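> would you be able to build a 3D model of this:
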Amino acid sequence: MAVIARKLRLFGRVQGVFFRQWSIGQARVLGVAGWVRNRSDGSLEAHLEGEEAAVGQMTDRMRRGPEQARVDDVMIEPATPEDFVDFVVRL
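Take a look at the predicted model:
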């Protein structure tokens, strides 16, 4: 299994809408590891790693977000896998 990693920045109404907790549930269902955190500029940042298909599915889900969210833009960059074993909220 080849592990890939991606760094995401999401913009829009992505804070105060349970996005981080929703992300944890989605990542665990898909088998994606990494972290998610709020940024001081109102955006959300995430590091995703796992099998390419799972990371792709997680990225697609994060483009939509939970029901209360509104994702206006997503920046995606390649990242280096850091061997995370779970998906957590970072402060």
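
> you'd agree residue 54 is up against residue 34?
No - judged on Cβ atoms under 8 Å, residue 54 makes no contact with residue 34 at a distance of 11.0 Å. The C-beta positions use only the backbone N, C-alpha and C, and glycine is treated the same way.

> between those two, which one's more packed in?
Per other Cβ atoms under 10 Å, whichever of residue 54 and residue 34 has more neighbours is residue 34, with 25 against 20.

> would you agree that one falls within a strand?
Yes - per DSSP: H, G, I helix; E, B strand; the rest coil, residue 34 lies within a strand segment.

> quick one: contacts for it?
5, 27, 46, 47, 48, 49, 50, 82, 84, 87 (Cβ atoms under 8 Å, 6 or more residues apart in numbering).

> now with 7 Å?
Residues in contact with residue 34 (Cβ atoms under 7 Å, 6 or more residues apart in numbering) are 46, 47, 48, 49, 84, 87.

> can I get these in CSV including pLDDT and neighbour count?
Listed next are the contacts of residue 34 as CSV, based on pLDDT from 0 to 100; neighbours: other Cβ atoms under 10 Å:
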residue, pLDDT, neighbour count
46, 98, 26
47, 98, 21
48, 98, 28
49, 98, 24
84, 95, 18
87, 98, 24
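
> all strands of the protein, in order?
Ranges of strands in the chain, per DSSP state E, are 3-13, 33-38, 44-51, 70-79, 87-89.

> most packed of the ones you listed?
Neighbour counts averaged per stretch over those are highest for strand 44-51, at a mean of 22; criterion: mean count of other Cβ atoms under 10 Å.

> direction included, what does that one pair against?
Counting by DSSP bridges, the strands paired with strand 44-51 are strand 3-13 (antiparallel), strand 33-38 (antiparallel).

> hey, what's the residue nearest to residue 24 when sequence neighbours are not counted bridged with?
Closest residue to residue 24 apart from its sequence neighbours, by Cβ to Cβ, 6 or more residues apart in numbering: residue 87 at 5.5 Å. Residues in a beta bridge with residue 87, per DSSP bridges, are residue 34.

> OK, contacts around residue 87?
When contacts are counted by Cβ under 7 Å, 6+ apart, residue 87 is found next to 24, 27, 28, 32, 33, 34, 35.

> alright, that wraps it up for me.
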